[in-house]
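Engineer: Take this sequence and fold it.
(one chain, ligands or ions: 1)
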Amino acid sequence: MRTAVVTGAGSGIGAAVAAALAADGCHVACLDLDGAAAAATAGRLAAASAHEVDVTDARAVEAAVADVEALTGRVDVAAACAGIEVHTTGYDVDLDVHARIHAVNVLGSLITARAAARRMRVHGEGGRIVLIGSINSQVALPGQIAYASSKGAVLMLGKALAVDFAPDAITVNVVGPGITDTPMSAVSLADPERSRRILERVPLGRPADPAEIAAAVAFLASPAASYVTGAFLPVDGGWLALG
Ligand SMILES: NC(=O)c1ccc[n+]([C@@H]2O[C@H](COP(=O)([O-])OP(=O)(O)OC[C@H]3O[C@@H](n4cnc5c(N)ncnc54)[C@H](O)[C@@H]3O)[C@@H](O)[C@H]2O)c1
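Structural biologist: Numbering: from 1, shown residues only. Below you'll find the model as predicted:
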């Protein structure tokens, strides 16, 4: 049985990724800042564990990954889904807020990938790492100084890690969701005017279900994706194609 570490597993896309990887036969270690939410996700899966962890805390992430390895004997997959978004503009951005968004979205992804890759390298059987970027890895919307710059960084982080980890057959890819129906986007989607404006930009005309993002992550985490690394896979209903 493969072992997968999923951050942000307590909600939205992370919870869906945990479910998809469990359906593919993985033991899933569910990491989240919200320990109760992580435990709730783990409780729905056949083989899983829950870990209350802040992904910006490198020691805590390393310890959680070590616990998982002690439990299952291996780490094969890591999916860094923990992320936060706060509306900030270039005029009024609070630098502490900016730094926190980058800490969770960029540093947290690096800390997760590094902790998993260190274990994968020791085992010598390769591995799969998937980071969650966004359409905002490539395009900005108003009020996204912190978020879009963090997601741009996640895209380049994925490419740089892919190059570094390739000699150990560890692949690193970035999935770029478009607007997805999760608690993060709930406020925007609940506002009829904002929702209309957002969905106008989506050729498929609807938000993604988190399971549709998870399906892409599960592919990149699978043996079938053995020659895919350093890639960016938008799962956006055609948003980036519309330009
Ligand atoms: N929902 C969207 O429309 C959308 C679009 C593009 C990209 N994304 C990205 O997908 C990822 C998941 O987003 P979501 O929509 O599922 O959001 P969500 O708010 O539903 O879930 C995020 C989860 O991450 C956890 N988390 C937050 N900070 C953490 C930290 N420091 N340490 C550990 N866990 C932490 C939260 O507790 C929560 O369970 C994020 O990276 C987000 O930027 C979302």
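Engineer: ok, now which ones touch the residue nearest the centre of the chain?
Structural biologist: Computing the C-alpha centroid of the chain and ranking residues by CA atoms, centre = their mean puts residue 81 first, at 2.4 Å. Residues near residue 81 by CB atoms under 8 Å, 6 or more residues apart in numbering: 6-9, 12-14, 17, 132, 217. (C-beta placed from N, C-alpha, C; glycine too.)
Engineer: Dump those residues into TSV; add pLDDT as well.
Structural biologist: Shown next, in TSV, are the contacts of residue 81 (pLDDT from 0 to 100):
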residue	pLDDT
6	98
7	98
8	98
9	98
12	98
13	98
14	98
17	98
132	98
217	98
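Engineer: So for the residue nearest to the centre of the chain, what's the pLDDT?
Structural biologist: Looking at residue 81, its pLDDT stands at 98.
Engineer: how close does it get to the ligand?
Structural biologist: Per CB to the nearest ligand atom, to the nearest Å, residue 81 is found 5 Å from the ligand.
Engineer: Pull up the residues of this protein that are close to the ligand.
Structural biologist: Within the chain, the residues that sit near the ligand (CB under 6 Å from any ligand atom) are 7-8, 10-14, 32-34, 37, 53-56, 81-85, 104, 108, 132, 134, 177, 179-180, 182-185.
Engineer: let's see it at 5 Å
Structural biologist: Applying CB under 5 Å from any ligand atom, we find that the chain lies next to the ligand at 8, 10-13, 32-34, 54-55, 81-83, 104, 132, 134, 177, 179-180, 182-185.
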